[in-house]
Structures are given as C-alpha cells and as structure tokens.
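**Q** Predicted model follows, preceded by the sequence.
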Number of protein chains: 2
Amino acid sequence: MKNRLKELRGEKGWSQQALADHLDVSRQTINALETGKYDPSLPLAFKIGRLFGQPIETIFDDGEGV
Amino acid sequence: MKNRLKELRGEKGWSQQALADHLDVSRQTINALETGKYDPSLPLAFKIGRLFGQPIETIFDDGEGV
DNA sequence: TCATAACGTAAAGCACACTTTACAAGAAGG
DNA sequence: CCTTCTTGTAAAGTGTGCTTTACGTTATGA
C-alpha cells in the first residue's frame, strides 16, 4: 500500500522523530511506513488522517483504483 | 473501535458468510469485527469501504471525535 | 576535527489480524 | 421430529504491527 506520509511530513518540515512524537509511535514505525515495509493499523491510520486533516483514502492508496 | 458492519450487512440482507465471501475473508473474521474482538487491517478496511461505497471514516469510528 | 542530527536498517520480543477446524444453540420450515 | 441456516465462540497456527536497543552512514556546523 502506497502512502504520502513522507510528502506530508515534508510540508510540515518535521523529522521522522517529530512525526513519531505527534502520533505516539516510535521513529522506526514512521520509517517503516514511509519505506513501505508495512501498513499502519487502522487506529494509527485514523490518527494520521486527523493529524494531517485528510481522509485516510487521500493519504493511503491500496491500488484498487478500478 | 466501533463499526457499522452489522448494520450495513443487514441493509444488503447478507449473512456473515455472504459478506465474508464478498471480502475474501473467513466468516470468523467478519464475526470478530462485528462483535468488536479486533479491528480490520487497513487493506481490509479499504475493501469494506469500497464494498459499501463509503469512506472508511463513516463505517469505522475510533472515538476521537473531538 | 568533533559532535550532533537525521535517516535506514536489523534483531528480538509481544500483541494483534486472520486462518482452519470444530462444536453448541436458536430460528424456521418440511 | 428432523434438517438446514445463521450466529457465537474456541483453540492452534501463521504472519503482521509496533516496541526497544543498537549500529552505520551522511550532512551540518562549532
């Protein structure tokens, strides 16, 4: 699943650690999400959507775009 | 995390097994989601949103409604 | 040159997401 | 009564999501 985390983080001028702090997760989790190692849990996806003020669907893309 | 799965399934007149078939998961997974045993993965949440034609946020509610 | 910040990555460990098989019980109809 | 459908639940097994600790690299600046 692709995502725009790195891009959105860049717009805020935040480091991975800063974003991790805002989301209450570890820096390694942010890095793993940005580098596509795995997808976030649904609760974490909700937090991310709220933090950036966007629907989950505009941040994450699972490719089934028919 | 609360969800409206049972309600939406009811509108379609589907059994848990029928919904499971539409989503390519086991009936037990549907039952676990409806009875709140755990939350779906993000990819499954995307599938559910597409199946019912709604954003993930209108089907699932993680309570941080501030 | 030395220190610090930022990023990528790895390993070990715990909890969760999902599977298959299986059993019990209520509803509905023959 | 008997069967069938539907739902709830359990146990064991596999893979994922996230953690902590830790190391190597690159860039920056005093």
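**A** That came through fine. Numbering: from 1, shown residues only, chains lettered A, B, ... in the order given.
**Q** thought A:Arg9 was touching A:Asp21?
**A** No. If you go by CB atoms under 8 Å, A:Arg9 and A:Asp21 don't touch, sitting 11.9 Å apart. Placement of C-beta: from N, CA and C, glycine included.
**Q** Specify which residue of these two has the higher count of neighbours.
**A** The neighbour count for A:Arg9 versus A:Asp21, taken as other CB atoms under 10 Å in any protein chain shown, is higher for A:Arg9 (19 against 14).
**Q** Looking at the more buried one now. What's its pLDDT?
**A** A:Arg9 carries a pLDDT value of 98.
**Q** So for A:Asn3, what's the nearest residue that isn't a sequence neighbour?
**A** With sequence-adjacent residues excluded and distances taken as CB to CB, 6 or more residues apart in numbering or on different chains, A:Asn3 is closest to A:Phe60, at 4.8 Å.
**Q** ok, now which ones touch the one you found?
**A** Counting by CB atoms under 8 Å, 6 or more residues apart in numbering or on different chains, A:Phe60 touches A:1-3, A:39-40, A:45, B:42, B:46.
**Q** Now do the phi/psi pair for it.
**A** phi -110, psi 150 (degrees, to the nearest 10).
**Q** Would you check that A:Gly49 makes contact with A:Ile59?
**A** Yes. Assessed by CB under 8 Å, A:Gly49 is found in contact with A:Ile59 at 6.2 Å.
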